[in-house]
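Enquirer: let me see the structure of the following:
(chains A, B, C and D)
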Number of protein chains: 2
Amino acid sequence: MEFSEKQLSIIAAAERLFSVNGFEGTSVRDIANEAGVNVAMISYYFGSKEKLMEAVFEEKTKKMRLKVENLLQDTKMTTREKVNILLEDYVEKFLSNPQFHKIMLLEQIVDKPGGVADLILGLKKRNHISIKKLILEGQKKGEFKKNIDVVLMMSTLVGVVSQMIIARRFYREVNNLEHLSEEEYNNYIRKKLTVYLKNLFKMILTNEA
Amino acid sequence: MEFSEKQLSIIAAAERLFSVNGFEGTSVRDIANEAGVNVAMISYYFGSKEKLMEAVFEEKTKKMRLKVENLLQDTKMTTREKVNILLEDYVEKFLSNPQFHKIMLLEQIVDKPGGVADLILGLKKRNHISIKKLILEGQKKGEFKKNIDVVLMMSTLVGVVSQMIIARRFYREVNNLEHLSEEEYNNYIRKKLTVYLKNLFKMILTNEA
DNA sequence: ACAAATTATTCAAACGTTTGTTTAATTTCA
DNA sequence: TGAAATTAAACAAACGTTTGAATAATTTGT
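Expert: Numbering: from 1, shown residues only, chains lettered A, B, ... in the order given. This is a model prediction of the structure:
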């Protein structure tokens, strides 16, 4: 689906508001107001509020579809290097789109059948297959240990990053980081998370510290 | 706050519906219907839908307040044993109240000031202080390594468990576990998570596999 | 190239529902 | 009998969506 500039501005406004107030907590009038268009335009362009939500998902995910698949093709890197790049990609993707990631979490929690949760499930399944291949590659080359629960491992990755996004306020208050600007804090947490995760995954995958 | 039986049945109904449909996605009429009472009873007993939400939180958290504090007092266990018990407590608490935990997540994501998110933040801060003490105890006894980011560590714990609750459908489909009953699956995942987390935390805290 | 016809966009207003809450009347029970 | 509990009904406000008219942009026929 190709979207016009006006449609994209509606999608952007919706993304912003959905992530702050949730889907049900955001009215189409709020969205229209935020985007600076008439309320009717939402029905006109997208058909319904629900369909708009799906358009938001569509627009935000279409760029990052083939990242993992491409990683698999590379023959020059060791599998551990690939995993590290994967970790950096995940952290970057999540932290640079915290609002969108919040929507994804909300949709998964509510998990309304036929809604966005189904689309997310499909995305996850496709990613899972690729990552499983990646881990298998590492095991065959003797880089990784046996008996790795890929879902549990990926849940750890996604879970930690999600928590750091959700508990942003908590982390800042506990570590006395309130003096940092949003931008400075983002960089701080990005670095911190990447280092932590690389080390954690090294242990998970190889049993070595 | 002490609640009568009728009040508790309203709270239970609200907990169920909030976790399935979210706060905004649940109407007071839905709640009244689920609890088998008149709509007006909600205003009558709790004042407002918002206050009812706080009552849900109050009721569900009041029992598990002092768990961590008690662990700290014990002198017979090693700190690693204490950590393992803490892990079991968390897994048990979260997995046996998945609905409630979902509400907590929803509220933290939306993070409306003055709402339940503030109560959760307070709970987290109190827990954090205790757990920090626990880790420090382990470090002083030489059981744990230095330089442990407690928030990052706890985010890992909470994050993994949350993901396993949120992505329940995903995990079952990927691992072909659809033939298990809800109860069987719960036990399966409980065991799996506990083993995984104990091992993970051993590595995080001691650098050993 | 230009007027005519067609299509796409935008808008204010109104649609019928549903929302959370309140009211006033009635029932319950000690 | 009197306070507490419960009810149906009503409330204004907000909800997502539709309407029909007005304007802008594009396509068509000559």
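
Enquirer: and the helix or strand hosting residue A:30, how far from the chain's centre?
Expert: Using DSSP states H and E, the element containing residue A:30 is helix A:28-35. Relative to the mean C-alpha coordinate of its chain, helix A:28-35 is positioned 25 Å out (CA atoms, centre = their mean, to the nearest Å).

Enquirer: show me what counts as buried in it.
Expert: Neighbour-count burial for helix A:28-35, with 16 or more other CB atoms under 10 Å in any protein chain shown as criterion, is recorded at A:28, A:30, A:31, A:32, A:34, A:35. (Glycine included, C-beta is placed from N, CA and C.)

Enquirer: which residues are in contact with it?
Expert: Helix A:28-35 is contacted from outside by A:9-10, A:12-14, A:16-17, A:21, A:38-39, A:41-43, A:49, A:52, using CB atoms under 8 Å, 6 or more residues apart in numbering or on different chains.

Enquirer: next, work out how far apart residue A:149 and residue A:125 are.
Expert: Distance, residue A:149 to residue A:125, by CB to CB, to the nearest Å: 16 Å.

Enquirer: with residue A:196 instead?
Expert: Between residue A:196 and residue A:125 the distance is 27 Å, computed by CB to CB.

Enquirer: got it, and residue A:54?
Expert: With CB to CB as the criterion, residue A:54 and residue A:125 are 18 Å apart.

Enquirer: comparing the two, which residue is more hemmed in?
Expert: Under the neighbour definition other CB atoms under 10 Å in any protein chain shown, residue A:54 and residue A:125 were set side by side, and residue A:54 has more, 17 against 12.

Enquirer: so where does the most centrally placed residue in chain A fall, helix or strand?
Expert: Centroid-nearest residue in chain A: residue A:94, 4.3 Å away (criterion: CA atoms, centre = their mean). Using DSSP H and E, residue A:94 maps to helix A:79-96.

Enquirer: could you list the residues in contact with that helix?
Expert: Contacts with helix A:79-96, where a contact means CB under 8 Å, 6+ apart, come from A:64, A:67-68, A:71-72, A:74, A:77, A:101, A:131, A:134-135, A:137-138, A:141, A:143-144, A:157-158, A:161-162, A:164-165, A:186, A:189-190, A:193-194, A:197-198, A:201-202, A:205-206.

Enquirer: return the members of those residues classed as buried.
Expert: Buried among those by 16+ other CB under 10 Å: A:68, A:71, A:101, A:131, A:134-135, A:138, A:143-144, A:157-158, A:161-162, A:164-165, A:189-190, A:193-194, A:197-198, A:201-202, A:205.

Enquirer: can you narrow those residues down to the ones near DNA strand C?
Expert: Counting by CB under 7 Å from any atom of the strand, the subset of the buried ones among the contacts of helix A:79-96 that neighbours DNA strand C is empty.

Enquirer: rewinding a little: filter the contacts of helix A:28-35 down to the ones near DNA strand D?
Expert: Restricting the contacts of helix A:28-35 to those touching DNA strand D (CB under 7 Å from any atom of the strand) yields A:39, A:42, A:43, A:49.

Enquirer: closest to residue B:117 out of those?
Expert: Closest approach to residue B:117 among those (CB to CB): residue A:49, at 24.6 Å.

Enquirer: residue contacts, the closest one?
Expert: Contacts of residue A:49 (CB under 8 Å, 6+ apart): A:28, A:42.
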